[in-house]
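> A predicted structure for the sequence below; I have some questions about it.
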Amino acid sequence: MWELARIVFLGTMAGVLGTGAGGILLGLGRIPQGAELSFHLAFSSGVMLAVVFHDLLPEALALRGPGVTFAGVVLGTAALPLLKPLFFPTGRGSLIQTGLFLGLGIAAHNFPEGLVIGAGYLASQELGFSLALALCLHNIPEGMAMAAPLLAGGVGRTSAVLLTIAAGLPMGLGALAGGLFGQLTPTTLAGTLGFAAGAMLFLVFHELLPEANCLDFPLAATLGAIFGVMLGLGLLVIH
């Protein structure tokens, strides 16, 4: 029981400290506007694309091949536009919607990453701790990416930080599942990873990049996307 509690605590801390630290870093500075906001939005797109194509999709394909992975991607891509009218009244600002949507995508892929932490800890405590540290670090730019549109849309600094922290909580739930079962079946895990990838791809191409480009700072958006991909790949190599 105590070992399971340690696994859940480790996964939860890896999630909330990573995304929360990203939210705090942006919350302590000035609210991004203009070219800076365009850079942050595109930067978050780059980080998301790195996670999808270097982490989520390769892992899903290795587990169960293209069939289950493709089905997960389709479901993930369809889920967010179907959920949008349920969660966002028409009066909400688009930047706030973008930030909240991004939080949903981050939460979706934090669950299977929590599974990795839980299963890794069962193999050895050292492996579990190293995985948690690596995932915590790569959650920091994701928290920054989520906080940028929230702050620019008018959400208070404290609320923005709390929302980024909430996006990390599913990693604790994933760690619990990993600690209880060792791992989910390959089919379930591949579908979950594909679902997260589809949700994040929808966010990138329907929310983040259009918002970054509509601000009319094309160079900032281009550089942000490139640096986001580079940083995302660099942090993913750690684990």
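Done, it's in.
> contacting residues around residue 196?
56, 72, 76, 105, 108, 109, 111, 112 (C-beta atoms under 8 Å, 6 or more residues apart in numbering). C-betas here are computed from N, CA, C, even on glycine.
> and these, which two are furthest apart?
72 and 105 (13.7 Å; C-beta to C-beta).
> which one's more surrounded, the two?
residue 105 (30 against 27; other C-beta atoms under 10 Å).
> touching, the more buried one and residue 200? I think so.
Yes - with contacts counted by C-beta atoms under 8 Å, residue 105 reaches residue 200, the gap being 4.5 Å.
> nearest the geometric middle of this structure, what residue?
Geometric centre of the chain, nearest residue: residue 106, 2.4 Å, by C-alpha atoms, centre = their mean.
> can you check the pLDDT for residue 104?
Residue 104 carries a pLDDT value of 82.
> apologies, that question was intended for residue 22.
Confidence score, pLDDT, at residue 22: 90.
> so it touches residue 138, yeah?
No - using C-beta under 8 Å, residue 22 is not in contact with residue 138; the gap is 10.2 Å.
> so which of the contacts of residue 196 are in strands?
The members of the contacts of residue 196 all map outside strands under DSSP state E.
> low-confidence bits of the chain, can you list those?
The model of the chain has pLDDT under 70 over residues 1, 86-93, 123, 182-184, 236, 238-239.
> quick one: the helices in it?
2-28, 34-51, 57-87, 94-123, 125-152, 157-168, 170-181, 186-202, 209-214, 218-238 (DSSP state H).
> just curious, which of the contacts of residue 196 is nearest to residue 38?
After measuring the contacts of residue 196 against residue 38 - C-beta to C-beta - the closest member comes out as residue 105, at 19.6 Å.
> list the residues that contact that closest one.
48, 80, 196, 199, 200, 202, 203.
> those: which two are farthest apart?
Pairwise over these, using C-beta to C-beta, the maximum falls at 48 and 80, 12.9 Å.
> any common contacting residues for these two?
Common neighbours of residue 48 and residue 80 (C-beta under 8 Å, 6+ apart) are 105, 203.
> between those two, which one's more packed in?
residue 48 (31 against 21).
> in contact with the more buried one, which residues?
105, 142, 145, 200, 201, 203, 204, 208, 228, 232 are the contacts of residue 48 under C-beta under 8 Å, 6+ apart.
> give me the neighbour count for the residue lying closest to residue 204 once chain neighbours are set aside.
Excluding its sequence neighbours, the residue lying closest to residue 204 (C-beta to C-beta, 6 or more residues apart in numbering) is residue 45, at 4.7 Å. Residue 45: 28 surrounding residues under other C-beta under 10 Å.
> same thing with residue 224?
Neighbours around residue 224, by other C-beta under 10 Å: 28.
> thought it was touching residue 212?
Yes - using C-beta under 8 Å, residue 224 is in contact with residue 212, at 6.8 Å.
> and for those two, which residues touch both?
Shared contacts of residue 224 and residue 212 (C-beta under 8 Å, 6+ apart): 38, 39, 41, 42, 45.
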